[in-house]
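S.K.: Predicted model, plus sequence, below.
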Amino acid sequence: MLEMRRENLLNAGIALLLLAVPLVAWAIDETYYITVASRVAILALAGVGLNLALGFGGMVSFGHAAFFGLGGYAAGVLSHHAFEGSAFMSWPVMIDGSDSTLTLWFAALLLSGVVAAIIGAISLRTTGVYFIMITLAFAQMIYYLAISLPTYNGEDGLPLYLRSNLPGLDLSNDLTFFFVCYALLLLAIFLSVRIVGSRFGAALECARQNENRLSAIGIAPYPVKLTAFVLSAMITGLAGALFVELNGFVSPSILSWHLSGEIMIFVILGGVGRFYGPIVGAALFIVLETVIGGYTERWQLFLGVILLGVVLFARGGVIGLLAGKARHD
Amino acid sequence: MTEPLLVLDGLHKSFGALRATDNVSLDLAPASIHALIGPNGAGKSTLIAQIAGSLKPTAGTVRFLGQDITALSVPKRAQLGLGRTFQVSSLAMAFSALRNVMLAVQARQHATFRFWRPVRVDRSLIDPSMAQLERVGLKERAHLPVTALSHGERRQLELAVALALEPKVLLLDEPMAGLGGEDSLRMTEVLTGLRQDVAMLLVEHDMDAVFRLADKISVLVYGRVIASGSVEDIRASQEVRDAYLGE
């Protein structure tokens, strides 16, 4: 009980700290840090998505950049067409570009969800290291597909000149954009908490611990894991859409396997299966990149050392270190 | 005579040249306990795996409640009312004892794809689960994680989980294995109390328990049933003594 309270306090502290950074930056007119905070929130959102599959479902996906990138391309390509005034496709159905934020989000969720259903349906027939490799292989296929699409500038990517329109809010204001990302991040964490605490979540966590047990009581593990995999991918896909808007740029680099690894690092650094872990992981990553990256290009060496320390000595990540082991009642 | 609940008809299972199950036919009558005994390596666990569905037989059929279930998956068989316990306890280790049983209750209700309501406060799961834990004598230990339970308690929990499915037939793979005298006695008592509600196929090495519980005994040696009959028949059989009882 005491440990639960400690973790709740810690989580509240993490959430408030992430909120405070851009507010302070705004107050002292250091607007660059507002963008940094938005980056943290978006990457953390991608991590929250992966955490659902990896942390709670035990599915070590090494291909989540595919969903991040697909979400990004869905949003980027539609807003590119809207800016050009051209149609995305005219046959068999007419689909115009769009500059409506909600439409872009919907497209990102839909595309990443549908592709995750296909990738998951095949990949989840394997386990362990084969699952890791097959998710990686699918992600690489999508990466090379994006590189070979001349319509969207292939490897060079597409610049996006305007942010999309969200009714009542001006997303071109960096602070407003941060608040939107932050709200979606907290919403995704809240949804994860509800899902993991539900009947579905109980079955999912049992699938992680002991699939034979789940089968023996009459629950087939496959549909449970596939559903979680799709939900996980959709959250990560939404993060991709936000990332593209933040940067005003979409390119195949958001589909690369490096990014899959980075999303996994956010989850592991923060604590696998800890709801607020990805925020800590993404924040640590960005802080290292910004601070040490200012002195040397080899800042990832320090990241590597920290990651090694976490894997060897603090399996529960930073959250586990500060709040103790995760508990089930 | 009443229709048997479970019928094995000419089951064969080969692993290469090894015949792990060799033309086994058995049936399990309602409200009865059929014990399966035999030396180590006789193929008892292989047989249980074929009944539960985790191994597919090379030939032969498994019928349950009049239905051919040979091609059905493990979860499908469990849903029909075929419960089992494992020889080596197989539980969700990070969960509490209560959570393990609650998951079985939820499976029984066919209500897994629900994403919103927290199970933590769901009386429709907690109350029946506590009742099952009480039945096997684990009520006081309900909130402990499985890792904190003793070996004997885990065996009891396995049984509680299986019972929460309200099975028509229970496959018990050495439920007494590794239990001390008192735990073993308690388990025997619990099983005796259950026999009216659920028929059991019992694999067991503890001969005291077998002779006390079983209505019928089959002896499995090298994958074949060499004798099958009442407790008295088996005790009296010279062939069984030679092959197994070692008297």
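M.R.: Noted; the coordinates are in hand.
S.K.: Residue B:26 is in contact with residue B:228, isn't it?
M.R.: Yes - the criterion here is CB atoms under 8 Å, and residue B:26 meets it with residue B:228 at 7.2 Å. Glycine gets a C-beta too; all of them are placed from N, C-alpha and C.
S.K.: shared neighbours of these two, anything?
M.R.: Common contact partners of residue B:26 and residue B:228 (CB atoms under 8 Å, 6 or more residues apart in numbering or on different chains): residue B:218.
S.K.: Flag the shaky bits of chain B, pLDDT-wise.
M.R.: By pLDDT under 70, the weakly predicted segments of chain B are B:1, B:243-247.
S.K.: That one: strands as residue ranges?
M.R.: Secondary structure of chain B (DSSP state E): strands at B:6-15, B:18-28, B:33-37, B:59-64, B:67-68, B:82-85, B:169-173, B:199-203, B:216-221, B:224-229.
S.K.: With chain A instead?
M.R.: A:87-89, A:95-96, A:158-159, A:249-250.
S.K.: For residue A:141, give its distance to chain B.
M.R.: Computed as CB to the nearest CB, to the nearest Å, the residue A:141 to chain B distance reads 30 Å.
S.K.: so who does that residue touch?
M.R.: By CB under 8 Å, 6+ apart, residue A:141 has no neighbours at all.
S.K.: Report pLDDT for it.
M.R.: Listed pLDDT for residue A:141 reads 97.
S.K.: Grab the nearest non-local neighbour of the residue of the stretch 151-300 of chain A found nearest chain B.
M.R.: Residue of the stretch 151-300 of chain A nearest chain B, by CB to the nearest CB: residue A:218 (3.4 Å). The spatially closest residue to residue A:218, leaving aside those adjacent along the chain, is residue B:78, at 3.4 Å (CB to CB, 6 or more residues apart in numbering or on different chains).
S.K.: Contact partners for the one you found?
M.R.: A:215, A:216, A:217, A:218, B:84, B:107, B:165, B:167.
S.K.: looking at those, which has the most residues close by?
M.R.: Among the contacts of residue B:78, the one with the most neighbours (other CB atoms under 10 Å in any protein chain shown) is residue A:216, at 29 neighbours.
S.K.: For that one, report the pLDDT, please.
M.R.: 96.
S.K.: pretty sure it is in contact with residue B:92, am I right?
M.R.: No - Residue A:216 is beyond contact range of residue B:92, at 11.2 Å (criterion: CB under 8 Å).
S.K.: so who does residue A:162 touch?
M.R.: By CB under 8 Å, 6+ apart, the contact set of residue A:162 is A:79, A:83, A:99, A:172.
S.K.: Residue A:251 now?
M.R.: A:153, A:155, A:156, A:157, A:158.
S.K.: What residues sit buried inside stretch A:320-329?
M.R.: Residues A:320, A:322, A:323, A:326 are the ones in stretch A:320-329 that count as buried (16 or more other CB atoms under 10 Å in any protein chain shown).
S.K.: Would you point out the most distant pair within the residues you listed?
M.R.: Farthest-apart pair in these is A:322 and A:326; separation 12.4 Å (CB to CB).
S.K.: So which bits of chain A are right by chain B?
M.R.: Contact residues, chain A versus chain B (CB under 8 Å from any CB of the partner chain): A:194-195, A:197-203, A:205-206, A:209-210, A:212-220, A:224, A:227, A:328-329.
S.K.: The closest residue in space to residue B:164 that isn't next to it in sequence: neighbour count?
M.R.: Using CB to CB, 6+ apart and skipping residues adjacent in sequence, the residue nearest residue B:164 is residue B:104, 3.8 Å away. Neighbours of residue B:104 under the rule other CB under 10 Å: 30.
S.K.: Look through chain B and state the residue closest to chain A.
M.R.: At 3.4 Å from chain A, residue B:78 is the closest residue in chain B, using CB to the nearest CB.
S.K.: ok so, going back, among the contacts of residue B:78, name the ones in helices.
M.R.: Here DSSP state H is the test, and these give A:215, A:216, B:107 as lying in helices.
S.K.: okay, these in TSV with distance to residue B:145 next?
M.R.: Listed next are the ones in helices among the contacts of residue B:78 as TSV, based on distance: CB to CB, whole Å:
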residue	distance to residue B:145
A:215	22
A:216	20
B:107	20
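S.K.: quick check, nearest of those residues to residue B:39?
M.R.: residue A:216 (26.2 Å).
S.K.: Fine by me, thanks again.
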